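Show me how the following folds:
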Amino acid sequence: MIEIDKVTKTFGAGDVAFTALRDVSVTIRENEFFTLLGPSGCGKTTLLRLIAGFEPPTIGAIRLSGRDITRLPPNQRPVNTVFQNYALFPHMSVAGNIAFGLEMLGKPKDEIAKTVDEMLRLVRMEELKHRKTSEISGGQQQRVALARALAPHPEVLLLDEPLSALDLKLRKEMQIELKRLQSETGITFVFVTHDQEEALTMSDRIAVMSGGRILQIGNPREIYERPSERFVANFIGASNFLNGQLSAGSVTLEAGGTFTVEPPQGVADGKVSVLIRPEHVTVAGTGTDGAALTATVENVVYSGEATVAHLKLKTGEAIKARASNLPGASGLLETGVQVGVSVAPGAVTVLVD
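Alright, predicted model coming up:
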């Protein structure tokens, strides 16, 4: 659906020039929920604006369904955008906001009315049809903004952190709603966020960005369980980074224990950094079978559904163990106690630093 071909975007010139995107290439598939994920300033919103046509690339090309749209103005692209602030008309009704874009396109009145009703059903807001958007909640406003953007049936919908203004519970609800809308409409969604949980929850594929470059593209499981390098591993989820020695498909940690691994291409035998997710680390009594490491409990954090133990290995390295809270859990996790630490099979990932 979308091809970004060796795109570079530089703002300004001379001493004040700033390169926001550096030789970015990516293909986004038809009917895909594709997320651009990364910290502030990584270039994800700039890339979205290039797809929308709000900014031209300095170098490179952008194609939509095989058609070169690099220099095409925004109003000639079959693309719509939902922004962070929604940009609704507060004096208009919900239906009026949804109809506005269709009216600007010169659509017949009966077609507009039919499409508005269709969009209201899609976002489940039929009963609020005549309410002004200044009189509805933030979550409802977000649904109206989505309905307005979907009404012209664009080939691509761009979403620039549209959930950032919502509270946590509503944001989680809207994550599921967005995925439902994408699935039901069959429209390609390109979603920008710095929230890794949002990306993992909704996306078919994720592009992790840093410093104007795409570091890794993959489905949520690939990105989380097999990050290609340290930045990706650190940005997605909680992480334990330990030092080890790689040799012939096995890594021996400095803190003890040898594990079978699949090192990424280009990583030679020798000293390496490895990733172990906290939920793959189990704490037991010292000397317990399978406890490859020993550690001292430094802190225990209870968060309702889980408990996270902050441990220090004999090398001085820190490691976290996360366990779901179950009735009758033992009192093993007490500050200052020495414990055994085991790692789930296949849970050790060698990283490209």
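
helix, strand or coil for the residue nearest the centre of the chain?
For the chain, the residue sitting closest to the mean C-alpha position, by C-alpha atoms, centre = their mean, is residue 199 at 2.5 Å. Counting by DSSP: H, G, I helix; E, B strand; the rest coil, the backbone at residue 199 sits in helix.

Can you list the low-confidence ranges for the protein?
Within the chain, the ranges that satisfy pLDDT under 70 run 285-291, 326-332.

give me that answer again for 80
86, 165-166, 266, 284-292, 325-333, 353 (pLDDT under 80).

Next, the buried residues of stretch 303-319.
For stretch 303-319, burial by neighbour count (16 or more other C-beta atoms under 10 Å) applies to 307, 308, 309, 310, 311, 313, 317, 319. Just so you know, the C-beta spots here come from the backbone N, C-alpha and C atoms, and that holds for glycine as well.

now what about it, what contacts it?
Outside of stretch 303-319, the residues within contact range by C-beta atoms under 8 Å, 6 or more residues apart in numbering are 238, 240, 242-243, 254-256, 276, 278, 281, 283, 293-301, 320-325, 329, 333, 339, 341.

gap between the two ends of it?
Across stretch 303-319, the terminal residues are separated by 18 Å (C-alpha to C-alpha, to the nearest Å).

circling back: ok, now which ones touch the residue nearest to the centre of the chain?
By C-beta under 8 Å, 6+ apart, the contact list for residue 199 reads 35, 37, 191, 193, 206, 220, 223, 236.

Give the next helix or strand downstream of the helix or strand that the first one is a member of.
With secondary structure defined by DSSP states H and E, residue 35 is part of strand 33-37. From strand 33-37 onward toward the C-terminus, using DSSP H and E, the following helix or strand is helix 44-52.

thinking again about what came up before, Serialize the contacts of residue 199 to CSV and add fields for secondary structure and distance to residue 107.
Formatted as CSV, the contacts of residue 199 follow (DSSP: H, G, I helix; E, B strand; the rest coil; distance: C-beta to C-beta, whole Å):
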residue, secondary structure, distance to residue 107
35, strand, 31
37, strand, 36
191, strand, 27
193, strand, 32
206, strand, 35
220, helix, 38
223, helix, 40
236, coil, 43
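
tell me the two of these that are most distant?
Largest separation among these by C-beta to C-beta: 191 and 236, giving 15.5 Å.

Comparing these two, which shows the higher neighbour count?
Set side by side, residue 191 and residue 236 show more neighbours around residue 191, with 27 against 22, by other C-beta atoms under 10 Å.
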